[in-house]
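[1] test case, fold it:
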Amino acid sequence: MPTKVIAVANQKGGVGKTTTAVNLAACVAAAGRRVLLFDLDPQANATSGLGLEKLEGASAYRPLLGEGGLLEKVKSTVFERLDIIPSEVDLCGLDIELARAEGHLQQVRRVLEPVVASQRFDLIIVDCPPSLGVLTLNALAAADGVLVPLQCEYYALEGISMLNRIMSQLHDNGLNSKLELLGVVMTMFDSRTNLSQQVVGEVRTHFGDRVFETMIPRSTRLAEAPSFGKPIIHYDKYSAGAAAYQLLAQELLARLDKTPTSEIKPDQVNVDGHQ
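    Predicted coordinates:
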């Protein structure tokens, strides 16, 4: 398949966004695809989650300001077929600095174009900050699709209407006419509680088949893995979390490899449950 760019985004923090970005990247790589994880979150949790240090000058900060190329920032990891563009705290200032630049919402697309053209990767996964600031908007403007993690808790849909509206605006105003909602993944699922079941049912009512069948369980092993700098399949490959992300990766690849007969655009799915 041609190189695809996927933004993993949710303006709400604590929903398993980075956990999903890191573990999906690792599982897709383990399935034989060449994957680049682009850590665009100044917190740099995806960087440390793959065992890399947060080093000054290692991030996309300079390329995004027009100084140097992004390919120079690609780093290998110890995991086969999985590379990363690390993050560091200097990305914090980019929201302000990019806002002053001409075409400020197209800088991530600009720096990614040579990376995509290099054909070094089958999939580029962008871990966005937990906000709808300039960095996240840049990622959405550059992406082919958006994957939204939602936790199985009350208020799971809070803020999704805003994300959906922004996706629609980027689509309709021509900044990214190819943008689509690739899917919603339910995280922190606990089959023992009625709450998890109710939230999943509500989200499936709203988003229909955009919701992945695979749900990510609430798991101590998943929570532990980042402190060891490893994705879950390399930390505890027999755990429920590892099995879930491997299944999710297969679902994701099936969606990416499939040629859709009719695409659902962002504005065709809303939180009122109508398409």
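[2] rest of the way, CA atoms for contacts and neighbours
    OK.
[3] quick one: the strands in this structure, in order.
    With strands called from DSSP state E, the chain shows them at 4-8, 35-39, 75-76, 82-85, 123-127, 145-151, 180-187.
[4] please name every helix or strand in contact with the second one.
    Applying 3 or more Cα pairs under 8 Å, 6 or more residues apart in numbering; DSSP states H and E, we find strand 35-39 packed against helix 17-30, strand 82-85, strand 123-127.
[5] export those as a markdown table, with columns for mean pLDDT.
    Converted to a markdown table, the helices and strands packed on strand 35-39 look like this (pLDDT from 0 to 100):
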| stretch | mean pLDDT |
| --- | --- |
| helix 17-30 | 97 |
| strand 82-85 | 98 |
| strand 123-127 | 98 |
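[6] okay, the ones you listed in CSV with mean neighbour count next?
    Shown next, in CSV, are the helices and strands packed on strand 35-39 (neighbours: other Cα atoms under 10 Å):
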stretch, mean neighbour count
helix 17-30, 25
strand 82-85, 24
strand 123-127, 27
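[7] turn those into JSON lines, including distance to Ser219.
    Below are the helices and strands packed on strand 35-39 laid out as JSON lines (distance: least, Cα to Cα, whole Å):
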{"stretch": "helix 17-30", "distance to Ser219": "11"}
{"stretch": "strand 82-85", "distance to Ser219": "24"}
{"stretch": "strand 123-127", "distance to Ser219": "21"}
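[8] any idea which of the ones you listed gets closest to Ala242?
    Each of these has some distance to Ala242 by Cα to Cα; the shortest is helix 17-30, at 8.2 Å.
[9] any stretches of this structure with poor pLDDT?
    1, 159, 259-275 (pLDDT under 70).
[10] mind saving the C-alpha coords of stretch 24-43 as CSV?
    Extracted in CSV, the C-alpha atoms of stretch 24-43 (Å, rounded to 0.1, in the frame of the first residue of the first chain):
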residue,chain,number,x,y,z
LEU,A,24,-0.2,0.1,17.4
ALA,A,25,3.1,1.2,15.9
ALA,A,26,4.9,-1.8,17.5
CYS,A,27,2.2,-4.3,16.5
VAL,A,28,2.0,-3.1,12.9
ALA,A,29,5.8,-3.3,12.7
ALA,A,30,5.7,-6.8,14.1
ALA,A,31,3.1,-7.7,11.4
GLY,A,32,5.8,-6.9,8.8
ARG,A,33,5.1,-3.3,7.9
ARG,A,34,7.7,-0.5,8.1
VAL,A,35,6.4,2.0,10.6
LEU,A,36,7.5,5.5,11.6
LEU,A,37,6.1,6.9,14.9
PHE,A,38,6.2,10.7,14.9
ASP,A,39,6.1,12.0,18.4
LEU,A,40,4.5,15.4,18.1
ASP,A,41,3.5,15.7,21.8
PRO,A,42,5.9,17.9,23.8
GLN,A,43,5.4,15.6,26.8
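[11] what about Ala9, distance to Asn138?
    12 Å (Cα to Cα, to the nearest Å).
[12] ok, the two, which is more surrounded?
    Ala9 (28 against 24; other Cα atoms under 10 Å).
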